[in-house]
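*Asks:* Mind folding the following:
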Amino acid sequence: MASKDAQNQKPRGQPGFPPGAPDPDPGLHRASSNPRSPVQQPGVPKSSSFLPTLDLIIIHQQVELLGMILGTQTSNKYEIKNRLGQRIYFAVEENHCFNRTVCSTLRACTLRITDNSGQEVITVNRPLRCNSCWCPCYLQELEIQAPPGTTVGYVSQKWDPFQPKFTIQNANKEDILNIVGPCATCGCFGDVDFEVKTINENLSIGKISKYWSGFVNGVFTNADNFGIHIPADLDVTVKAAMIGACFLFDFMFFEHSLTRL
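*Replies:* Residues are numbered from 1 along each chain as shown. Now for the predicted structure:
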């Protein structure tokens with residue numbers, strides 16, 4: 001009787017994927033029967049225990065009143081929240097005023113992500129690089145450390161003359177996922193979605209969205225809101241890399257000040 005039921009039982013798809021779709025990379029997901037699953041990495045501190053359960057990460061940039069008044073570029077600060085709007089992390093950009101003024105959105109910086117107790121759990125390093133399709137040899141790249149001092153991945157820009165394209169890589173710089181953005185990223189009257197896809201780009205597993213905040217707020221402030229939609233059982237290191245990618249997109253496509261209006 002038990003064997004008959006087993007034959008009639010239909011196979012289920014991988015969590016976060018359409019039913020019947022093959023898992024493009026089983027290493028990205030948590031296997032509950034395997035104690036050495038990628039999500040349960042010993043290098044990830046307990047303070048990042050929020051990440052394995054999140055399927056929606058909301059990133060809210062804090063409004064910089066000083067920048068609004070003076071028309072200057074200040075260090076970015078972000079609140080990272082769950083789908084209930086509860087803050088779980090806080091990110092602060094570290095760099096020099098000269099760097100922000102001269103290099104503007106291309107500036108090198110370090111983003112330090114701390115939990116609610118003030119412990120740093122993720123570090124995002126952005127070197128000074130180009131941001132032009134005319135210079136494909138030195139495009140944007142981020143290094144993701146979790147915990148700080150331990151590199152777990154990279155976000156690298158891929159050259160494309162029409163669309164913004166990026167690759168999420170592991171610590172060995174092996175490609176894991178692709179991110180493909182729209183041809184137009186202005187987002188004047190709607191959301192802007194960056195699709196997270198498998199390496200062959202045949203299957204979409206999530207997206208990074210820049211939410212439209214309204215015309216008035218979009219023109220007179222540099223505060224942006226983002227949402228990262230992902231499978232809950234995605235590897236925490238990949239989730240950390242996607243948070244870093246979200247910061248990179250803000251710098252590259254959406255950051256502005258009154259001095260550039």
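
*Asks:* what helix or strand is the residue nearest to L177 when sequence neighbours are not counted on?
*Replies:* Closest residue to L177 in three dimensions, ignoring its sequence neighbours and counting by Cβ to Cβ, 6 or more residues apart in numbering: I168, at 4.4 Å. For the C-beta atoms, the positions are set from N, CA and C on the backbone; glycine is no exception. Here I168 sits within strand 165-170, counting by DSSP states H and E.

*Asks:* Am I right that T185 is in a helix?
*Replies:* No: counting by DSSP: H, G, I helix; E, B strand; the rest coil, T185 is not found in a helix; it is coil.

*Asks:* isn't it right next to P164, touching?
*Replies:* Yes: shown here, T185 and P164 form a contact pair, counting by Cβ atoms under 8 Å, at 6.7 Å.

*Asks:* quick one, which of these two is more surrounded?
*Replies:* Using other Cβ atoms under 10 Å as the criterion, T185 and P164 rank with P164 on top: 20 against 16.

*Asks:* which non-adjacent residue is nearest the more buried one?
*Replies:* Of all residues beyond its chain neighbours, the one nearest P164 is G181 (3.8 Å), with distances taken as Cβ to Cβ, 6+ apart.

*Asks:* go on, A245?
*Replies:* Nearest residue to A245, sequence neighbours excluded (Cβ to Cβ, 6+ apart): V155, at 4.6 Å.

*Asks:* Pull up the gap between the one you found and V124, please.
*Replies:* Computed as Cβ to Cβ, to the nearest Å, the V155 to V124 distance reads 9 Å.

*Asks:* ditto for P164
*Replies:* Applying Cβ to Cβ, the value for P164 to V124 is 18 Å.

*Asks:* what's the answer for Q86, then?
*Replies:* Computed as Cβ to Cβ, the Q86 to V124 distance reads 22 Å.

*Asks:* likewise K239?
*Replies:* From K239 to V124 the distance is 13 Å (Cβ to Cβ).

*Asks:* wait, doesn't I199 sit right on L177?
*Replies:* Yes: counting by Cβ under 8 Å, I199 touches L177, with 7.0 Å between them.

*Asks:* Looking at the two now, which is surrounded by more residues?
*Replies:* For I199 and L177, the more surrounded residue by other Cβ under 10 Å is L177, and the numbers stand at 24 against 15.

*Asks:* so the more buried one is in which element?
*Replies:* In this structure, L177 sits in strand 175-180 according to DSSP H and E.

*Asks:* Check which helices and strands whichever helix or strand comes after that strand sits against.
*Replies:* Using DSSP H and E, the helix or strand that follows strand 175-180 in sequence is strand 192-197. Strand 192-197 makes packing contacts with strand 175-180, strand 204-211, helix 236-249 when contacts are defined by 3 or more Cβ pairs under 8 Å, 6 or more residues apart in numbering; DSSP states H and E.
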